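Undergrad: turn this into a model:
(one chain, ligands or ions: 2)
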Amino acid sequence: MRVLALESSCDETSAAVLHGPPDAPVLDSLVILSQDVHRIFGGVVPEIASREHLAAIVPVTRQALRDAGCTLDDIDAIAVTHAPGLVGALLVGVSYAKALAAARDLPVIGVHHMEGHLFATVLDHPDATPPFTALLVSGGHTMLIDVAAWGTYRLLGATRDDAAGEAFDKVAKLLGLPYPGGRHLEALAASGDPDWFRFSRPMLHGGQQPTDPDYLDVSFSGLKTAVLLAVRASDDLVRDRPHLARGFQDALIETLVAKTLRGAALHDRRRIVLGGGVACNRALVDAMTTAAAARGRTVFAPTPRLATDNAAMIGAAALFRLSRGERGDASLTAHASSPMPGLVDATTRHR
Ligand code: KG4
Ligand code: ZN
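TA: Ligands and ions are numbered 1, 2, ... in the order given. Okay, the predicted model is just below:
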């Protein structure tokens with residue numbers, strides 16, 4: 001089966017062509033057009049995002065088909081992100097996918113964006129298959145998931161306030177870095193002294209038990225406030241900026257690593273799979289890899305191109321869903337938020 005996949009949930013217009021069995025998808029082409037315009041506003045402007053997607057979706061799709069050396073005649077199904085995300089942005093991809101499918105009499109399938117992030121890593125690492133513990137860290141979500149099999153997901157923990165990427169972006173803004181600030185903050189932190197500022201690790205202390213409500217959840221808004229107070233208290237911000245970045249990043253990473261290892265230990269998973277834009281962060285990947293190796297576990301992280309939003313991950317998830325006989329129909333539409341298919345919320349017992 002060969003699938004054409006589209007992604008337009010936020011500020012990347014992306015198209016990809018993939019083929020192969022669902023457990024070993026092969027990427028034929030991937031085009032990602034990032035909407036730079038939002039930098040001017042310091043955040044994504046939904047109306048502008050929709051208009052940019054509308055201008056880009058046809059040429060981006062044509063380029064993906066050209067790069068794969070095929071035409072629509074070679075495509076067996078169309079896949080598209082239908083949730084969660086900005087509704088106006090999602091609708092561009094969904095409408096175009098439905099139109100293509102109707103014109104070509106092809107099946108169309110809607111894919112949940114976060115399930116896409118779960119499938120991104122297997123495109124780089126064929127061994128990143130279930131069972132595994134997944135940490136998805138993006139601009140809008142932070143989820144710790146036990147993946148017993150593709151399609152069988154248990155939410156172990158989540159953020160109670162800001163997503164990890166959101167915390168990176170907000171702290172980056174405090175430090176005067178451009179939007180989106182995650183990678184700029186990582187670069188600044190590289191020259192920071194880890195002992196200059198030590199922020200407390202949110203929801204992380206030695207006495208916690210698996211039955212405690214905060215054992216696997218995370219929270220980053222208090223950490224963000226701690227950085228804000230330190231910025232205000234600083235008498236030399238030029239000197240302190242790299243140290244503040246380092247102190248923030250170390251606290252966030254240590255928390256994510258500890259919670260992920262707790263999740264892996266609870267379900268005795270040997271493999272840990274990272275996903276989402278924050279998985280581009282080398283310090284996070286390295287810290288997770290070292291800590292996991294000490295406990296006999298292996299970490300798989302996607303390359304930055306597949307960690308951030310892209311259509312290849314949507315196509316990989318679609319190959320799995322299509323192999324189960326799932327198909328969308330004319331009622332397929334966009335949703336700002338919707339539960340991930342197959343996800344059981346094990347965290348509700350905590351709340
Ligand atoms: O998954 P993604 O591309 O989009 C969403 O689905 O939200 O994630 C984007 C997020 C942004 O918050 C961005 O700052 C963050 O990923 N990010 C990083 C790094 N690269 C991207 N955060 C920390 N370190 C990085 N190197
Ligand atoms: Zn994403």
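Undergrad: can you name the residues of the stretch 251-351 of the chain that neighbour ligand 2?
TA: Near ligand 2, the residues belonging to the stretch 251-351 of the chain are residue 309 when assessed by CB under 5 Å from the ion. Every C-beta, even on glycine, is put in place using the N, C-alpha and C of the backbone.
Undergrad: quick check, the residue in the stretch 251-351 of the chain closest to ligand 2?
TA: Nearest residue of the stretch 251-351 of the chain to ligand 2, counting by CB to the ion: residue 309, 4.4 Å away.
Undergrad: and the stretch 1-150 of the chain, which residues reach ligand 2?
TA: Contact residues, the stretch 1-150 of the chain versus ligand 2 (CB under 5 Å from the ion): residue 138.
Undergrad: can you give me the helices for the stretch 1-150 of the chain?
TA: 46-67, 87-104, 113-124 (DSSP state H, counting those that start in this stretch).
Undergrad: comparing those helices, which comes out most buried?
TA: Highest mean neighbour count among these (mean count of other CB atoms under 10 Å): helix 113-124, with a mean of 26.
Undergrad: which other helices and strands contact it?
TA: If you count contacts as 3 or more CB pairs under 8 Å, 6 or more residues apart in numbering; DSSP states H and E, helix 113-124 packs onto strand 77-83, strand 132-137, strand 142-149, strand 271-275, helix 304-307, helix 311-323.
Undergrad: got CSV for those, with mean neighbour count, distance to residue 258 and mean pLDDT too?
TA: CSV is the format used below for the helices and strands packed on helix 113-124 (neighbours: other CB atoms under 10 Å; distance: least, CB to CB, whole Å; pLDDT from 0 to 100):
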stretch, mean neighbour count, distance to residue 258, mean pLDDT
strand 77-83, 27, 30, 98
strand 132-137, 27, 11, 98
strand 142-149, 21, 11, 98
strand 271-275, 26, 13, 98
helix 304-307, 19, 21, 98
helix 311-323, 28, 26, 98
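Undergrad: number of residues surrounding the residue of the stretch 251-351 of the chain closest to ligand 2?
TA: 27 (other CB atoms under 10 Å).
Undergrad: OK, contacts around it?
TA: 7, 9-12, 14, 32, 113, 138, 277 (CB atoms under 8 Å, 6 or more residues apart in numbering).
Undergrad: from residue 176, how far out is the residue nearest to residue 237 when sequence neighbours are not counted?
TA: Of all residues not flanking residue 237 in the chain, residue 231 sits nearest, at 6.7 Å (CB to CB, 6 or more residues apart in numbering). Remark: distance between residue 231 and residue 176 (CB to CB, to the nearest Å) = 10 Å.
Undergrad: so the two - more neighbours on which side?
TA: For residue 231 and residue 176, the more surrounded residue by other CB under 10 Å is residue 231, and the numbers stand at 16 against 12.
Undergrad: surely the more buried one meets residue 173?
TA: No. Residue 231 is beyond contact range of residue 173, at 10.7 Å (criterion: CB atoms under 8 Å).
Undergrad: and the stretch 151-300 of the chain, which residues reach ligand 1?
TA: Contacts of the stretch 151-300 of the chain with ligand 1, taken as CB under 6 Å from any ligand atom, map to 165, 168-169, 180-183, 186, 276-278, 280-281.
Undergrad: mind doing that once more with 8 Å?
TA: Counting by CB under 8 Å from any ligand atom, the stretch 151-300 of the chain comes close to ligand 1 at 163-166, 168-169, 172, 180-183, 185-186, 249, 275-278, 280-284.
Undergrad: which ones among these lie within strands?
TA: residue 275 (DSSP state E).
Undergrad: list only buried entries from the residues of the stretch 151-300 of the chain next to ligand 1.
TA: 163-166, 168-169, 172, 180-183, 185-186, 249, 275-278, 280-281, 284 (16 or more other CB atoms under 10 Å).
Undergrad: picking up where we left off before, which of the contacts of residue 309 sits closest to residue 255?
TA: Set against residue 255, the nearest of these by CB to CB is residue 138 (16.4 Å).
Undergrad: what about the closest one, how many residues nearby?
TA: So residue 138, with other CB under 10 Å, has 23 neighbours.
Undergrad: ok, it touching residue 118?
TA: No. Assessed by CB under 8 Å, residue 138 is found out of contact with residue 118, at 11.5 Å.
Undergrad: any shared contact partners between those two?
TA: residue 275.
Undergrad: ok so, going back, so which of the helices and strands packed on helix 113-124 gets nearest residue 331?
TA: Among those, strand 77-83 comes nearest to residue 331, with 10.8 Å by CB to CB.
Undergrad: direction included, what does the closest one pair against?
TA: strand 2-7 (parallel), strand 108-112 (parallel) (DSSP bridges).
Undergrad: mind telling me what element the residue of the stretch 251-351 of the chain closest to ligand 2 is part of?
TA: Following DSSP states H and E, there is no helix or strand that holds residue 309.
Undergrad: pLDDT value on it, please?
TA: Model confidence at residue 309, given as pLDDT, is 97.
Undergrad: how about the stretch 101-250 of the chain: which residue is closest to ligand 2?
TA: Taking CB to the ion, ligand 2 has its nearest neighbour within the stretch 101-250 of the chain at residue 138, 4.2 Å off.
Undergrad: understood, closing this out.
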